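Novice: Predicted model follows, preceded by the sequence.
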Amino acid sequence: MLQCPRKLVRTAFYSAALMLSVVAPALALDPTGDWRVAEGVANIRVAECNGSMWGAVSWEQTPGGRDTQNPDVSKQNRPTLGMPILIDLKKKPGVDQWEGQVYNAKDGQHYGVTIKPLDQSHLEIQGCLLGFLCSGETWTRVAGPIPSSPANSMAKSAPKSTGAPPKSANTTGAPKTTGSINPPAKGQKQATTTPSADPVGDICLLPEIAGFAH
């Protein structure tokens, strides 16, 4: 017996709703982009470099910071702008979480860290010392996400097709990003403190990330 048109429409509607409920959870959230830390004193640029997530300081509320607490005396005068703080984070299978190390410039120490996008605009950072004494905070997106690029996938080898060789983060001619930052989503304001001239560029080309040992 033929179904009435109203019943056919109702069946099609519920079928579409069921499909959306199945597909929606599978859509992965992207942790790449620029994020404002909870205290508002810095932006951290997160990008995928050779299969791992890395994060480096891309903006400072107070310019000219130095890594004065680093236990390595040779690094105590390095600029904090462009300094890697999220180090070699690997994705956990089956979930939108990445685990690795975080560098805390306040005490010069490394800690275990997990990052997890809560939604398109918020990133949860959970850091632990030796598996306990955990604390966390939430960062707010100010730009991004950053699409993958040849520079990202080639970050740990000598890039030949991305233009000039990598330069240190404290030079005036910082490398330009090839995985450019997208404008913020509609209704989301761009951070007014973000400089017009990007001093950091593609963090995958920063020497401390590009030269990281396999």
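Specialist: Great, that's in hand. Numbers count the residues shown, from 1 in each chain.

Novice: Return the set of residues that bridge with residue 119.
Specialist: When bridges are called by DSSP bridges, residue 119 pairs up with residue 122.

Novice: Kindly provide the distance from it to residue 138.
Specialist: As defined by CB to CB, to the nearest Å, residue 119 lies at a distance of 10 Å from residue 138. For glycine as for every other residue, the C-beta is placed from the backbone atoms N, C-alpha and C.

Novice: out of those two, which sits in the more crowded spot?
Specialist: residue 138 (14 against 8; other CB atoms under 10 Å).

Novice: Just the pLDDT for the more buried one.
Specialist: Residue 138 carries a pLDDT value of 95.

Novice: Now do the strands in this protein.
Specialist: Using DSSP state E, the strands found in the chain span residues 33-36, 42-49, 52-60, 84-91, 98-104, 109-119, 122-129, 132-143.

Novice: Tally up the residues packed near residue 39, please.
Specialist: 8.

Novice: what's the answer for the one 4 residues further on, then?
Specialist: Under the neighbour criterion other CB under 10 Å, residue 43 is assigned a count of 25.

Novice: so where's the protein shaky on pLDDT?
Specialist: Within the chain, the segments meeting pLDDT under 70 span 1-27, 130-133, 149-196, 213-214.

Novice: at 50 instead, please
Specialist: Residue ranges of the chain with pLDDT under 50: 1-2, 8-9, 12-13, 18, 20-25, 154-195, 213-214.

Novice: Any buried residues in stretch 110-121, and which?
Specialist: Of the residues in stretch 110-121, 111-117, 121 count as buried by neighbour count, 16 or more other CB atoms under 10 Å.

Novice: Can you tell me which of those residues is closest to residue 148?
Specialist: Using CB to CB, residue 117 comes nearest to residue 148 of the buried residues of stretch 110-121, at 16.5 Å.

Novice: And the closest one, how far from residue 81?
Specialist: Taken as CB to CB, the span from residue 117 to residue 81 is 25 Å.

Novice: Residue 94 too?
Specialist: According to CB to CB, residue 94 stands 36 Å off from residue 81.
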